[in-house]
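In: take a look and give me a structure for this.
(one chain, ligands or ions: 1)
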Amino acid sequence: MTFRSTVLHLTLLLSIVTSGCSDGNANAFFYSSTLDQRTKDEQPAVLKTLEELVNIESGTNDAIGIPEMGNYLEGRLKALGAEVTRTPATSGVVGDIIVGQFKGSGGRHILMMAHMDTVYVRGSLAKAPFRIDGDQVLGAGIADAKGGIATILHTLALLKAQSFQQFGTITVMFNTDEEKGSLGSNELIQKLAAQSDIVLSYETGFIYEGQEFFVTGTSGVAVVEARVHGKASHAGAASPTAVNSMTEAADLILRTQDLQDPQQERLFNWTSIKGGSATNIIPDLTVVSADMRYGRNEDLPLLEAALAERAQKKRLEGARIDLQVTRLIPPYNATDAARGVMNKAVAIYAEVGAKLVAANVRTGGGSDAGWAALSGKPVLENLGLPGGNQHADAGEYVLASAIPRRLYLSARLVSELGQGL
Ligand SMILES: [Zn+2]
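Out: Coordinates of the predicted model:
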């Protein structure tokens, strides 16, 4: 959208909205340069929030950090006027899922979500403390997904400051176990998504070679464990009945290499192996694990069937292989409705001279957008702060300069979607 047409377009919109709605002031604000300025004024507060979030070490299942983060987020949401509920995570996952709800004067129901857990174990903060280096704001978990949490909290602060009420409900969900597939929170995510008209997910904003973009798909993630059984024996006096489980496991790894098929958006990688207790004993058990990624829900059973078929083709007589496949996060595929919202976001971003591309790309990563998408409701992912080096310890960062434009995008998007525009 070029500048001149933007102005024309904006003027038109402004007249329609102001005349139509009771809360004209709020609308004018959300179409004005005042919002642009307000998001710039908000930046120092966002940096402070990022520092506070990073300073709470919230690795998944961290019995100290996760409850501490839950308390912090509950406090922030209550201060914004939300009605907060806590739902204990299931499946043995540590912590409560924090849900805050705001009731408006009428309109659409929006779910905003981000995960509070990180991949980092306690003690990582010492190696990756909060710090600012030029345009990079660094810290453990700052991109994935603490930048998203900060964007949600400050979007709500901007909406509150403007007494914006033109929505049905805004529900905010912060879960505790996305980095482990959300096994303890996905039921609640699916329920909240089904109760909403639109789901906004605040994972790290994608940026590649300086260009920000939305992806139209994430990958489904599953983990495979293959327990390869053989028959033990002394390595020196190897009995003829010995069956080396490690040899069978090595062959299994080689005879499943073709399951990796990026063309079909299928990724398959053996990532860990355990076997053998002593160098002079032929091992009777070797356990190998693999990471499996796929683009469509219907791909998983196909992959499982192909794997089972390969596993049965044993190299060594007498070997046995027990396979276990655990589905973690399902894939997300942007629906037409979601692409419509994506295009709206691209247009809004252009209002402040910023460029976002809706790229027909599937990332190899998985996210809770996959769980939310099972509801059939439109889901938009990657609304968090653009950054990089996720999961990479000291190098993880978000862009300070992106904070105002991302707040502008988020606040405008929520205001438009709330009114059903
Ligand atoms: Zn994440």
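In: counting neighbours, what do you get for the residue lying closest to residue 117 once chain neighbours are set aside?
Out: What sits nearest to residue 117 in space, not counting adjacent residues and going by C-beta to C-beta, 6 or more residues apart in numbering, is residue 60, at 4.1 Å. Every residue, glycine included, has its C-beta placed from N, CA and C. Residues contacting residue 60 under the criterion other C-beta atoms under 10 Å number 24.
In: quick check, pLDDT for residue 60.
Out: You'll see residue 60 listed with a pLDDT of 97.
In: and for residue 359?
Out: Reading off the model, residue 359 has pLDDT 86.
In: tell me how many other residues crowd it.
Out: Using other C-beta under 10 Å: residue 359 sits among 16 other residues.
In: what's the burial count for residue 343?
Out: Close neighbours of residue 343, defined as other C-beta under 10 Å, add up to 13.
In: same question, residue 49
Out: 21.
In: just the CA trace of the one helix or strand it maps to, in CSV.
Out: If you go by DSSP states H and E, residue 49 is part of helix 43-54. Included here for helix 43-54 are C-alpha records, laid out as CSV according to Å, rounded to 0.1, in the frame of the first residue of the first chain:
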residue,chain,number,x,y,z
GLN,A,43,9.1,1.9,25.0
PRO,A,44,11.0,2.5,28.3
ALA,A,45,8.2,0.8,30.2
VAL,A,46,8.4,-2.2,27.8
LEU,A,47,12.2,-2.5,28.4
LYS,A,48,11.6,-2.4,32.1
THR,A,49,9.0,-5.2,31.8
LEU,A,50,11.4,-7.2,29.6
GLU,A,51,14.1,-6.9,32.3
GLU,A,52,11.7,-8.1,35.0
LEU,A,53,10.6,-11.0,32.9
VAL,A,54,14.1,-12.1,32.0
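In: tell me the contacts of the residue of the stretch 201-350 of the chain found nearest the ion?
Out: Nearest residue of the stretch 201-350 of the chain to the ion (C-beta to the ion) works out as residue 203 at 4.8 Å. Residues near residue 203 by C-beta atoms under 8 Å, 6 or more residues apart in numbering: 114, 144, 145, 148, 367, 368, 369, 381, 382, 383, 384.
In: could you dump those residues into TSV with pLDDT added?
Out: Below are the contacts of residue 203 laid out as TSV (pLDDT from 0 to 100):
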residue	pLDDT
114	98
144	97
145	98
148	98
367	97
368	98
369	98
381	97
382	96
383	98
384	98
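In: of those, which ones also sit close to the ion?
Out: Among the contacts of residue 203, proximity to the ion is found for 144, 145 (C-beta under 5 Å from the ion).
In: out of the contacts of residue 203, who's the most crowded?
Out: Ranking the contacts of residue 203 using other C-beta under 10 Å puts residue 368 first, with 32 neighbours.
In: pretty sure that one contacts residue 200?
Out: No: counting by C-beta atoms under 8 Å, residue 368 does not reach residue 200; the two are 11.5 Å apart.
In: joint contacts of these two?
Out: residue 113.
In: and the helix holding residue 49, average pLDDT?
Out: Averaging pLDDT along helix 43-54 yields 98.
In: what residues does the chain put near the ion?
Out: Checking the chain against the ion by C-beta under 5 Å from the ion, the hits are 144, 145, 203.
In: for residue 67, give me its contacts.
Out: Here residue 67 is in contact with 94, 95, 96 (criterion: C-beta under 8 Å, 6+ apart).
In: could you rerun that using 10 Å?
Out: When contacts are counted by C-beta atoms under 10 Å, 6 or more residues apart in numbering, residue 67 is found next to 56, 58, 94, 95, 96, 176.
In: what about it, which helix or strand?
Out: Using DSSP H and E, residue 67 maps to helix 65-79.
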